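>>> Sequence plus predicted model, see below.
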Amino acid sequence: MSESSDDFGLAYIDSCDQLTVLCIHGFPFSSAMWEPQVEDLSGIARVIAPDLRGHGRSEAAPPPYTMSMLADDCLGLLDYLGIENPVVVCGLSMGGYIAFEFFRKYPERVAGLILASTRAKADTPEGKAGRDAAIEKAQKQGVTAVAADMLPKLFAPRTYEEDDEVVDFVQEMMEGTSLEGMLGALHAMKNRPDSTPTLAEIDVPTLIIHGADDQLIPVAEARDMRAAIKGAQLVVIPDAGHLPNLEQIDAFSDAVIDFVDSLIDHDDDHEH
Ligand code: MLT
């Protein structure tokens with residue numbers, strides 16, 4: 001034991017004493033998809049973006065996964081980092097499915113929600129059959145084959161035709177997913193609960209962001225969520241598909257910044 005073990009209060013400065021935004025990526029991506037927002041939000045919020053198990057640089061865990069497990073992984077990261085104050089949970093697509101689960105399990109840890117390119121409904125029978133087909137394809141032909149099927153559907157037609165840089169970036173990111181991660185996440189999405197009943201329970205400020213040209217989740221789903229969540233705002237981003245944060249970076253980041261600012265101002269109002 002050291003000599004200076006007296007009981008005393010130690011003061012410190014933590015430059016990260018800012019509202020935290022927990023950014024949860026979609027399938028089969030990684031935290032790399034949030035790089036533009038990490039930059040745009042610097043000085044405004046602390047951004048924490050995990051690589052979900054089996055994705056990006058995180059280690060793989062054997063499939064299957066569940067939304068509950070993935071939400072717990074996010075909570076574990078916040079606890080590990082000592083972030084006890086409620087955070088803004090920002091989930092894109094599968095990240096949104098996880099955000100719903102996180103809110104159901106840990107509402108006291110949520111200061112606000114950003115639901116991007118996502119939907120509340122569970123998979124339809126056809127959707128579940130599509131998951132089974134993707135599982136089989138991944139097992140037989142590998143992650144790259146599933147990524148190749150998804151690639152053209154992820155973007156607005158204009159992005160896909162004209163923005164090689166972003167298309168190549170997303171392809172590479174998808175190909176970096178482990179087979180276990182891909183299978184685990186496909187199982188989690190196939191078996192996820194219907195979050196529609198959760199919408200009426202949401203009592204935190206909520207921002208919904210959706211690409212006008214999303215081919216995977218139609219913008220009508222975002223409008224339905226807006227109607228069902230009390231006080232929710234919806235920002236529809238033109239010329240963006242399923243990845244508006246990469247296709248129209250400024251429009252996406254500005255919507256997030258305005259939302260985060262409104263939460264910070266709101267907090268100040270309470271203090272004075
Ligand atoms: C995603 O982007 O996370 C997935 O496309 C969502 C899904 O397949 O339901």
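Arrived safely, thanks for sending. Numbers count the residues shown, from 1 in each chain.
>>> which parts of the stretch 151-272 of the chain sit against the ligand?
Where proximity means Cβ under 6 Å from any ligand atom, the interface of the stretch 151-272 of the chain facing the ligand comprises Met189, Leu216, His242. Where you see a C-beta, it was placed from the backbone N, CA and C, and this is true even at glycine.
>>> Show the buried residues in these.
Met189, His242 (16 or more other Cβ atoms under 10 Å).
>>> Just put the residues of the stretch 151-272 of the chain next to the ligand in TSV and tack on distance to Cys74.
Shown next, in TSV, are those (distance: Cβ to Cβ, whole Å):
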residue	distance to Cys74
Met189	16
Leu216	22
His242	21
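>>> could you dump the residues of the stretch 151-272 of the chain next to the ligand to TSV with pLDDT and secondary structure?
Output for these, formatted as TSV (pLDDT from 0 to 100; DSSP: H, G, I helix; E, B strand; the rest coil):
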residue	pLDDT	secondary structure
Met189	98	helix
Leu216	98	coil
His242	98	coil
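>>> Go through the residues of the stretch 151-272 of the chain next to the ligand and say which is closest to Pro157.
Of all these, the one with the least separation from Pro157 (Cβ to Cβ) is His242, at 12.2 Å.
>>> for the closest one, what are its contacts?
Gly26, Ser93, Ser117, Lys153, Leu154, Phe155, Gly211, Asp214, Gln215, Leu216, Ile217 (Cβ atoms under 8 Å, 6 or more residues apart in numbering).
>>> centre of the chain versus the longest helix along the chain, how much separation?
In the chain, taking DSSP state H as the definition, the longest helix is helix 249-271. Computed by Cα atoms, centre = their mean, to the nearest Å, the separation of helix 249-271 from the middle of its chain amounts to 18 Å.
>>> now stretch 90-100
That offset, for stretch 90-100, works out to 4 Å (Cα atoms, centre = their mean).
>>> So what touches it?
21-27, 33, 52, 67, 70-71, 74, 89, 113-120, 185, 188-189, 192, 195, 198, 216-217, 242-243, 245, 256.
>>> out of those, which are inside helices?
Met67, Leu70, Ala71, Cys74, Ala185, Ala188, Met189, Thr198, Asn245, Val256.
>>> could you dump the residues you listed to a markdown table with distance to Arg57?
Formatted as a markdown table, these follow (distance: Cβ to Cβ, whole Å):
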| residue | distance to Arg57 |
| --- | --- |
| Met67 | 22 |
| Leu70 | 16 |
| Ala71 | 20 |
| Cys74 | 16 |
| Ala185 | 16 |
| Ala188 | 20 |
| Met189 | 22 |
| Thr198 | 31 |
| Asn245 | 19 |
| Val256 | 24 |
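>>> what's the longest helix of the chain in contact with?
By Cβ under 8 Å, 6+ apart, helix 249-271 touches 19, 21, 36-37, 40-41, 44-45, 88, 90, 111-112, 114, 116, 205, 207, 209, 233, 235, 237-238, 240, 244-245.
>>> Just the buried ones among those, please.
19, 21, 37, 40-41, 44-45, 88, 90, 111-112, 114, 116, 205, 207, 209, 233, 235, 237, 240, 244-245.
>>> and those residues, which of them are in strands?
Among the buried ones among the contacts of helix 249-271, the members falling in strands (DSSP state E) are Val21, Val88, Cys90, Ala111, Gly112, Ile114, Ala116, Leu207, Ile209, Gln233, Val235, Ile237.
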